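S.K.: 3D model of this:
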Amino acid sequence: MTKRRALGQHFLRDHAIARAIVDIVAPTAQDLVVEIGPGDGALTGLLAGRAARVIALEIDRALGAALRARLPAVEVLDADARTWDYAALAAPAGGRVLILGNLPYSVGKPILTALIAARAAIDEMALMLQREVAERIAAPPGGKAYGSLSVFTQLHCDVRLALRVPPGAFRPPPKVDSAVLHLRVLRAPRIPLADPGRFESVVRAAFAQRRKMLANALAAGLGLPLDVVRRAATAANVDPTRRAETLSLSEFAALATGLP
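M.R.: Prediction:
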């Protein structure tokens, strides 16, 4: 079994969908594109014909070698997209840094986390993930799909679910639907944060026990007395009996500022 198959990857074979994915970010002759998981090159050839420079990150050395021979203008790197240094990317003069990829289902979330961490170097992304995960990332407050991944991504990006992709678009067909997210990176967080680390801790604690009332989840997750959490929530105009999935980004920020 190849590393790629072990990671749960499926090869895109539908040319119309490949073109639609590329069109989401519409690369130009001034742009640098990084493709994650090119596989057998369904997107790579299209990108090579439109962008100034294409870097393809492929963990499977055999697939990388084949792609390197077929598309010599593309910089095919034997690399793990979970740990590659995206922060070192620099946009060409007058151009953008774009990230595209058909992310392996088993590692989609850590790759997205790495990309968000390197957001200062990135302009836009078109990422294919398992549909359930994509819908969670794009979900608004108020439903079961909304969670910490939604909060952290939407804090730094405009997020929309741009395209749904059926199993038949892949070889071999996966057992679930896929979807493509379009993310535009914001130059500053959507809301100002006094302490980003504290904000992250509060969000993670709130969702760690999401079936509990907010005050109970935060008290347990942050190791604070329940009455302290209740007072802080009330002072932030957040009802402590609510659940984490109902809070907006600004309400989480207010909580993080008010909690000791």
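
S.K.: tell me which helix or strand of the protein sits lowest on mean pLDDT?
M.R.: Least confident element among the helices and strands of the chain, by mean pLDDT, DSSP states H and E: helix 3-6 (a mean of 42).

S.K.: Would you agree residue 149 is in contact with residue 134?
M.R.: No. The criterion here is Cβ atoms under 8 Å, and residue 149 misses it with residue 134 at 10.4 Å. Every C-beta, even on glycine, is put in place using the N, C-alpha and C of the backbone.

S.K.: just to revisit the earlier point, partners of the following helix or strand past the least confident helix or strand of the chain, with directions?
M.R.: Where DSSP states H and E defines the elements, the next helix or strand beyond helix 3-6 is strand 11-12. Applying DSSP bridges, strand 11-12 is found paired with strand 170-171 (antiparallel).

S.K.: Need the contact partners of the partner strand.
M.R.: Here strand 170-171 makes contact (Cβ atoms under 8 Å, 6 or more residues apart in numbering) with 10, 11, 12, 13, 14, 178.

S.K.: rerun that using 10 Å as the cut-off
M.R.: Strand 170-171 is contacted by residues 9-14, 17, 39-40, 42, 102, 128, 178 when judged by Cβ atoms under 10 Å, 6 or more residues apart in numbering.

S.K.: One more: stretch 141-148?
M.R.: Outside stretch 141-148, the residues touching it (Cβ under 10 Å, 6+ apart) are 132-140, 150-151, 154, 200, 203-208, 210, 243-249, 251-252.

S.K.: ok so, going back, may I see the ChimeraX selection of the buried members of the contacts of strand 170-171?
M.R.: One line in ChimeraX is enough to select the buried members of the contacts of strand 170-171, burial here meaning 16 or more other Cβ atoms under 10 Å:
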select :9,10,11,12,13,14,17,39,42,102,128,178
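
S.K.: State the pair within the contacts of strand 170-171 that is farthest apart.
M.R.: Across these, the longest distance by Cβ to Cβ is 16.8 Å; it joins 40 and 178.

S.K.: Kindly reformat the contacts of strand 170-171 as CSV and extend each row with pLDDT and distance to residue 258.
M.R.: What follows is the contacts of strand 170-171, written out as CSV (pLDDT from 0 to 100; distance: Cβ to Cβ, whole Å):
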residue, pLDDT, distance to residue 258
9, 66, 44
10, 83, 46
11, 90, 49
12, 93, 47
13, 92, 52
14, 94, 50
17, 96, 46
39, 92, 48
40, 91, 52
42, 95, 49
102, 91, 42
128, 96, 39
178, 96, 40
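
S.K.: Below-threshold pLDDT in this protein: ranges please.
M.R.: 1-9 (pLDDT under 70).
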